[in-house]
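>>> Pasted the sequence and its predicted model underneath.
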There are 2 protein chains.
Amino acid sequence: MLKHNFSAGPCVLPQEVFKKAADAVLNFNDLSILEISHRSKDFVEVMEKARSLALEHLGLTGKGYTALYLGGGASMQFLMVAYNLLENKAAYLDTGTWSAKAIKEAKMFGDVNVVASSKESNYNYIPKDYTVPTDVDYFHFQTNNTIFGTQLHETPDVKVPLVCDMSSDIMSRQRNFDAYDLIYAGAQKNMGPAGATLIVVKDEILGKVSRQIPSMLDYKVHASKDSMFNTPPVFPIYVTMLTLEWLKANGGIDWVETLNKEKAAKIYNEIDNNPLFKGFVTNPEDRSIMNVTFSLHDESLKDRFDTLWKEAGINGLNGHRSVGGYRASIYNALTIDSIDALVATMKELERTA
Amino acid sequence: MLKHNFSAGPCVLPQEVFKKAADAVLNFNDLSILEISHRSKDFVEVMEKARSLALEHLGLTGKGYTALYLGGGASMQFLMVAYNLLENKAAYLDTGTWSAKAIKEAKMFGDVNVVASSKESNYNYIPKDYTVPTDVDYFHFQTNNTIFGTQLHETPDVKVPLVCDMSSDIMSRQRNFDAYDLIYAGAQKNMGPAGATLIVVKDEILGKVSRQIPSMLDYKVHASKDSMFNTPPVFPIYVTMLTLEWLKANGGIDWVETLNKEKAAKIYNEIDNNPLFKGFVTNPEDRSIMNVTFSLHDESLKDRFDTLWKEAGINGLNGHRSVGGYRASIYNALTIDSIDALVATMKELERTA
């Protein structure tokens, strides 16, 4: 490991994945992984393994779901979700910047009912007191808000199809994934590098809107071609497959959820007990176990603290401009050692301030 | 080099690019290139260099063009071109499978006038006897048809905006690029690995259609954010930058065009002079210098020839299923040594058949 990388995404991946990925760039079955045909037997195996591992980790194998890896990022899904599923009206929960972007795109395709929003307090909590109308085509929300450090820990109990952006917490913790009808996630947090997006869709919800859908935006087209309608992002998918293999070999989501909770608890504990720091999220129950947002009570200590964590080999700790302060993104591959390094700098600041 | 890789794309890239890419996966300024933030100074420099090198190679620096790298592949451009530029009517030239796909997507957005097609003869020539109406929003065509091995060597002399898919011959030869209003190309032939698409657009042609464009499909949105509206495909863009640097260091498009013509001439010369082989393309003037399609007169020699080229360490020579026979894709990074290896097997077949 070169640095303790707390970047919000793209972010740290397992060290053995970096090693295997570099090896494959030099030699993957007698070619570079960068020069193999996506139609080659070798890459078809990679794609199929990446698709099946995603369903396996989520407990959705054999339950009528299809996994796809597409280019374009989760932002493209804001659009594709609405193109494919929004016939008349949809409900959206507004918990952050990405929710707002998803809402904006959906409005081009139908009525959008924003059931609740925490925008008025800069998204520092997850709204819970809302009702989702029963006549909407679907209810859309984000499970984790990378920028603000909030996380929705319970799956909403509603009677309409659930569509969910899990970009920043997929594969990090268990949920009742089979309650969801469509899950999407940019790979570049817990699954792989930037350049691929996972879509897991329940087959039966597709094909119900009346509009004509462009081929590249049509989930049914991609599903009918086993996620190979056009040239897929070969290398990002390969690295995603490696990362999902790493997760499986270590014990899967159950294993990493325990680890992630331990990691998060260590930092939140320090924030709560160190008089120099305060958390950004108002309700402790809404705190994210992926992105920990906090700041100094006394901004005059900023230079001293920044020097301390940089000297400790920590990278990517600055908060997003919408929030300020600090953000420790502690995705699956970040080790306890990195957490300990950060906590040590916080303690050191307290000791020397 | 591990094999002589004649794959149609993804395809061979320079050996030094593979080496540098593997190094960056392990260590790129003290992090893996796979874990760096796309907002980091280091990656912003990569993106800006990749964008400016594209314009520089095409001779379009300072001429009112913007270069973008987006995910999704050239197939996404079939849709985005129409979304952004097709108000009423567009003209399309049908020279192959990819033309037909582009036409299909455009028809959702306006009238499409297919000015000519060589479909009736399985696209084995480039139609030249056609008229482009002057009242269309643009004229769309492909310069090179990967599957069929045809290439359009002259830029059509028309009075409407030119929109061009150069996926399989961009950066391989000079053209009067400033005659074009929008050029797009999947990176995975002459520029980089799968997962990024270059778009070079003349700024003044944007913003003229009346429809509302979803953010991710709007060239103006991507241009206004310097191709960073959302998380870009970091690694594919990095490798593209490395490949464009390699091209520049060696002498640019002028250098590689001479090399590519020499490579193509060697194989076409063998096809024309070896009595066992025949070319697929009917008009010699339409022959591609990127994809050379040919077959055996006598199919009973197939097993013998396949054994010969496989024993010579050649990969990816099988023709596309729409054409059959063989296809030698001889992109920029394929060396003369690989060409010689192929020609030697063709001669060996003749000697021993």
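Yep, it's here. Quantities reported herein were computed from a predicted structural model and do not represent experimental measurements.
>>> Packing partners of the top helix by length along chain A?
If you go by DSSP state H, chain A has its longest helix at helix A:252-273. When contacts are defined as 3 or more Cβ pairs under 8 Å, 6 or more residues apart in numbering or on different chains; DSSP states H and E, helix A:252-273 sits against helix A:234-250, strand A:277-279, strand A:291-296, helix A:336-352. For every residue, glycine as well, the C-beta is placed using N, CA and C.
>>> Rebuild these as a markdown table, extending it with distance to residue B:328 and mean neighbour count.
Converted to a markdown table, these look like this (distance: least, Cβ to Cβ, whole Å; neighbours: other Cβ atoms under 10 Å in any protein chain shown):
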| stretch | distance to residue B:328 | mean neighbour count |
| --- | --- | --- |
| helix A:234-250 | 21 | 24 |
| strand A:277-279 | 62 | 18 |
| strand A:291-296 | 50 | 24 |
| helix A:336-352 | 50 | 16 |
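>>> ok, back up a step: ok and the longest helix of chain A relative to helix A:336-352, angle-wise?
0 degrees (axes from the mean of the first three to the mean of the last three Cα atoms, to 10 degrees).
>>> quick one, which of the helices and strands packed on helix A:252-273 is nearest to chain B?
When the helices and strands packed on helix A:252-273 are compared by Cβ to the nearest Cβ, helix A:234-250 sits nearest chain B, at 4.4 Å.
>>> what distance separates that closest one from the middle of the whole chain?
15 Å (Cα atoms, centre = their mean, to the nearest Å).
>>> check whether that helix contacts chain B.
Yes. Using Cβ under 8 Å from any Cβ of the partner chain, we find that helix A:234-250 touches chain B at A:234, A:235, A:236, A:239.
>>> hang on, the earlier thing: could you dump the helices and strands packed on helix A:252-273 to JSON lines with mean pLDDT and distance to residue B:145?
Formatted as JSON lines, the helices and strands packed on helix A:252-273 follow (pLDDT from 0 to 100; distance: least, Cβ to Cβ, whole Å):
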{"stretch": "helix A:234-250", "mean pLDDT": "98", "distance to residue B:145": "22"}
{"stretch": "strand A:277-279", "mean pLDDT": "98", "distance to residue B:145": "59"}
{"stretch": "strand A:291-296", "mean pLDDT": "98", "distance to residue B:145": "47"}
{"stretch": "helix A:336-352", "mean pLDDT": "98", "distance to residue B:145": "51"}
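>>> Let's have these in CSV, adding distance to residue A:58.
CSV is the format used below for these (distance: least, Cβ to Cβ, whole Å):
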stretch, distance to residue A:58
helix A:234-250, 11
strand A:277-279, 30
strand A:291-296, 21
helix A:336-352, 25
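>>> Next, the buried residues of the longest helix of chain A.
A:252-253, A:256-257, A:259-260, A:263-264, A:266-268, A:270-271 (16 or more other Cβ atoms under 10 Å in any protein chain shown).
>>> Among those residues, which one sits closest to residue A:170?
Nearest to residue A:170 among the buried residues of helix A:252-273 is residue A:253, at 9.4 Å by Cβ to Cβ.
>>> Who are the contact partners of the closest one?
A:57, A:58, A:171, A:172, A:173, A:174, A:247 (Cβ atoms under 8 Å, 6 or more residues apart in numbering or on different chains).
>>> Buried ones only from those, please, as a PyMOL command.
Buried residues among the contacts of residue A:253 (16+ other Cβ under 10 Å), as a PyMOL selection:
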select buried, chain A and resi 57+58+171+172+173+247
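>>> In helices only, show me the contacts of residue A:253.
Reading helices off these with DSSP H, I get A:57, A:247.
>>> now the contacts of residue A:253 in JSON lines, with distance to residue A:164?
Below are the contacts of residue A:253 laid out as JSON lines (distance: Cβ to Cβ, whole Å):
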{"residue": "A:57", "distance to residue A:164": "16"}
{"residue": "A:58", "distance to residue A:164": "12"}
{"residue": "A:171", "distance to residue A:164": "14"}
{"residue": "A:172", "distance to residue A:164": "14"}
{"residue": "A:173", "distance to residue A:164": "13"}
{"residue": "A:174", "distance to residue A:164": "14"}
{"residue": "A:247", "distance to residue A:164": "20"}
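>>> Against chain B, how distant is residue A:31?
Distance of residue A:31 to chain B, computed by Cβ to the nearest Cβ, to the nearest Å: 6 Å.
>>> isn't that residue right next to residue B:315, touching?
Yes. Under the criterion of Cβ atoms under 8 Å, residue A:31 makes contact with residue B:315 at 6.5 Å.
>>> Touching both of these two, which residues are there?
Here residue A:31 and residue B:315 have B:3, B:5 as joint contacts, going by Cβ under 8 Å, 6+ apart.
>>> can you tell which of the helices and strands packed on helix A:252-273 is closest to residue B:347?
Among the helices and strands packed on helix A:252-273, helix A:234-250 sits nearest to residue B:347 (Cβ to Cβ), with 34.1 Å.
>>> Next one, pLDDT for residue A:164 please.
Residue A:164 carries a pLDDT value of 98.
>>> that's a strand at it, yeah?
Yes. The assignment for residue A:164 is a strand, going by DSSP: H, G, I helix; E, B strand; the rest coil.
>>> If you tally nearby residues, what's the number for the residue in the stretch 201-350 of chain A positioned nearest to chain B?
Ranked by Cβ to the nearest Cβ, the top residue of the stretch 201-350 of chain A for proximity to chain B is residue A:233, at 3.3 Å. By other Cβ atoms under 10 Å in any protein chain shown, the residues close to residue A:233 number 32.
>>> Was I right to think it contacts residue A:195?
Yes. The pair residue A:233 / residue A:195 is scored as a contact, 4.5 Å apart, by Cβ under 8 Å.
>>> Touching both of those two, which residues are there?
With Cβ under 8 Å, 6+ apart as the test, residue A:233 and residue A:195 both reach A:71, B:71, B:195, B:233, B:236.
>>> picking that back up, so what's the gap between the longest helix of chain A and the chain middle?
The answer for helix A:252-273 is 17 Å, by Cα atoms, centre = their mean.
>>> tell me which parts of the stretch 101-250 of chain A are close to chain B?
Close to chain B, as judged by Cβ under 8 Å from any Cβ, the stretch 101-250 of chain A has residues A:101, A:104-105, A:108, A:186, A:188, A:192-196, A:212, A:214-217, A:229-236, A:239.
>>> Could you pick out which of those residues are located in helices?
A:101, A:104, A:105, A:234, A:235, A:236, A:239.
>>> Who's the closest spatial neighbour of the fifth one, skipping the chain neighbours?
The spatial neighbour of residue A:235 that comes closest, neighbours along the chain excluded (Cβ to Cβ, 6 or more residues apart in numbering or on different chains), is residue B:193 at 5.5 Å.
>>> still on that earlier bit, going through the residues of the stretch 101-250 of chain A next to chain B, which ones are buried?
Buried among those (16+ other Cβ under 10 Å): A:101, A:105, A:108, A:186, A:188, A:192-196, A:214-217, A:229-236, A:239.
>>> Next, residue A:307: secondary structure please.
Assignment for residue A:307 (three-state DSSP): helix.
>>> no no, residue A:159
When classified by three-state DSSP, residue A:159 comes out as coil.
>>> what residues are up against it?
Residue A:159 neighbours (Cβ under 8 Å, 6+ apart): A:132, A:134.
>>> Over to it: give its phi and psi.
For residue A:159, the backbone dihedrals (degrees, to the nearest 10) come out as phi -100, psi 10.
>>> Same check on residue A:315?
The phi and psi torsions at residue A:315 (degrees, to the nearest 10) take the values phi -130, psi 140.
>>> CA-only coordinates of stretch A:226-245 in PDB, if you can.
Taking Å, rounded to 0.1, in the frame of the first residue of the first chain, the C-alpha atoms of stretch A:226-245 are listed here in PDB:
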ATOM      1  CA  ASP A 226     -25.900 -10.600 -22.200                       C
ATOM      2  CA  SER A 227     -24.500  -7.100 -21.500                       C
ATOM      3  CA  MET A 228     -22.600  -7.200 -24.800                       C
ATOM      4  CA  PHE A 229     -24.900  -5.200 -27.100                       C
ATOM      5  CA  ASN A 230     -21.800  -3.000 -27.900                       C
ATOM      6  CA  THR A 231     -18.200  -3.100 -26.900                       C
ATOM      7  CA  PRO A 232     -18.300  -3.000 -23.100                       C
ATOM      8  CA  PRO A 233     -15.600  -1.300 -20.900                       C
ATOM      9  CA  VAL A 234     -13.400  -4.400 -20.800                       C
ATOM     10  CA  PHE A 235     -10.800  -3.500 -18.300                       C
ATOM     11  CA  PRO A 236     -13.100  -1.800 -15.700                       C
ATOM     12  CA  ILE A 237     -15.300  -4.900 -15.800                       C
ATOM     13  CA  TYR A 238     -12.200  -7.200 -15.400                       C
ATOM     14  CA  VAL A 239     -11.100  -5.300 -12.300                       C
ATOM     15  CA  THR A 240     -14.700  -5.400 -11.000                       C
ATOM     16  CA  MET A 241     -14.600  -9.200 -11.400                       C
ATOM     17  CA  LEU A 242     -11.300  -9.400  -9.500                       C
ATOM     18  CA  THR A 243     -12.800  -7.200  -6.700                       C
ATOM     19  CA  LEU A 244     -15.900  -9.300  -6.400                       C
ATOM     20  CA  GLU A 245     -13.700 -12.500  -6.300                       C
END
